[in-house]
Structure formats: C-alpha cells, structure tokens
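A.B. asks: How does the following fold in three dimensions:
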Amino acid sequence: MSLGIVFLSEVFGTGMLTLLGCGVVANVALKGTKGNSGGFLMVNFGWGIAVFAGVYVAAMSGAHLNPAVTLGLLVDGKAEFAPGVAVSAASTFTYFGGELLGAFLGAVFAWLAHKQHFDAEPLAASKLAVFSTGPAIRSYPWNLVTEIIATFVLVFVILTFGGTPSGLGPLAVALLVVGIGASLGGPTGYAINPARDLGPRIAHALLPIKGKGSSDWAYSWVPIVGPLLGGTIAGLVAHSIPIMATVAK
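C.D. replies: Numbering: from 1, shown residues only. Below is the predicted model of the structure:
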C-alpha cells in the first residue's frame, strides 16, 4: 500500500472522528441546540460512536486515528502498521500528518454544522470546549498524569485486540473510549489523542469564530505530551510482558 493511500485513509478516518466527536460536544455545550445540556455521558457515547465510524472509514490503513496508537505500535516492535505498510520513519510521519490534518478538517466541518449556535453562544469557554480539552482543576503535573493513565489504558487494551475476532475491533475500541471517558475523563476531558486536541485547537485559533477568546495554548502541551507518553509506556509494557506477546499472536 502506498503512503499516499495511508495518508488519505487517516485524513478521512480522523476527520470523521473529530467531526462527530467535536459535533457531540457542540450539541451539548452550545446555546440553543437540540442536545444542549445533554451531559457528559452523552459526550462519552458521542465520542465512542465517532471512534466507531472513524475506524471503519480508515480501515485500509489500520485506522490508527491517533499518534499515541501509532507510537504504541512502533514501540511494541510491530513489523507493520497495517497489512502492507512497513514500520519506518516515513510511514510513522505519514500517519502523524494524516491524523493531524484529518483532526483539523473534522473540527472545521463541525464548526460549519453548528455555525449559528457558535454565534449565539455567549461563553468563549463553551466554544473552545467544542474544539479542545481543558482541565476541571488546572494543575499541569496532575493533568499530565491523568492523560498518561487514560492513554495508557486506550493503547494497552488496543494492543491486546490482536487475539480477538476482527469484526469486534471497531465496536470494542468504541466501547473502550466510552469507558475511558466515563471513568477517567472527568479531570481533563480525556484528550487521549494528540491530533484530536491539537488539530481542532489550531482550527479554533484560525477560524473566524465570533467571541471565541483564547485558544488556551498554555495548556495545549498537556494533551500532546501526556498521550504520547501514555502510548509509549503502553507499547513498552505490551512488548515486555510475555502474556501480551502470546495474546497478540
């Protein structure tokens, strides 16, 4: 498979992820929508379904949709990122680029779908929340710990899916994301994906959103560094524990 196909697959898959994921946050957070004040559990399920859709769209490239997943596979010592896609520096950065661009584009389309409600929403914080995560209690070290733990769960469990029926994969990952959100999402909003946070945050900074306020770049490193560390640790643990090697065969 060519790296161009891999790139486009990840762009479309990650774009679907953030279109539906940012979209559910917009439906809950913005003034006057049908889903306004639907609650955090609605957001959890919306993001789970977003993952479900994104995985199917990007199935050809292995549906990483997330640099932390790509990095976890790399550290775990996989020979291929997907059938016919050898692990290399070029393929790794192809995944990273596709994931980031897709996340950006998906957020732009989520904004377009909710444009009138962005205009009606008086709170800048609610507008930013559609695009990117933020902590309930701002403490960078503890926020980082939360993102590391939550992303470790995501990537470590994904790395065990090698022994499950192939058709279960998208649903299993979707339910896992719902569970992570419900169990570990409260402190930081569970970015668990550097592209999912950075791409939409860039979109927030660039789009002509009425009364949007700051893009909170001071916090932006946490949902990048935390997930990358969590994914790396998950890959190292999966590679080093014999039982995990057995499951993955």
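
A.B. asks: Do you know the pLDDT at the nearest residue to His114 once chain neighbours are set aside?
C.D. replies: Nearest residue to His114 in three dimensions, chain neighbours excluded: Ala26, at 4.3 Å (CB to CB, 6 or more residues apart in numbering). Where C-beta positions appear, they are placed from N, C-alpha and C, glycine not excepted. Listed pLDDT for Ala26 reads 97.

A.B. asks: Adjust the sequence numbering to begin at 29 for everything that follows.
C.D. replies: Will do, 29 is the new start, and the previous item becomes Ala54.

A.B. asks: ok, now how distant is Ala54 from Phe73?
C.D. replies: Noted for Ala54: a distance of 15 Å to Phe73, by CB to CB, to the nearest Å.

A.B. asks: Same drill for those two, tell me which one is more crowded.
C.D. replies: Taking other CB atoms under 10 Å, Ala54 and Phe73 do not tie; Ala54 has more neighbours (26 against 18).

A.B. asks: Helix or strand: which one has the more buried one?
C.D. replies: helix 31-57 (DSSP states H and E).

A.B. asks: helix or strand right after that helix?
C.D. replies: For helix 31-57, the following helix or strand on the C-terminal side (DSSP H and E) is helix 68-85.

A.B. asks: Does Gly263 touch Val97 like I think?
C.D. replies: No - judged on CB atoms under 8 Å, Gly263 makes no contact with Val97 at a distance of 9.4 Å.

A.B. asks: shared neighbours of the two, which are they?
C.D. replies: Here Gly263 and Val97 have Val183 as joint contacts, going by CB atoms under 8 Å, 6 or more residues apart in numbering.

A.B. asks: Thanks a lot, catch you later.
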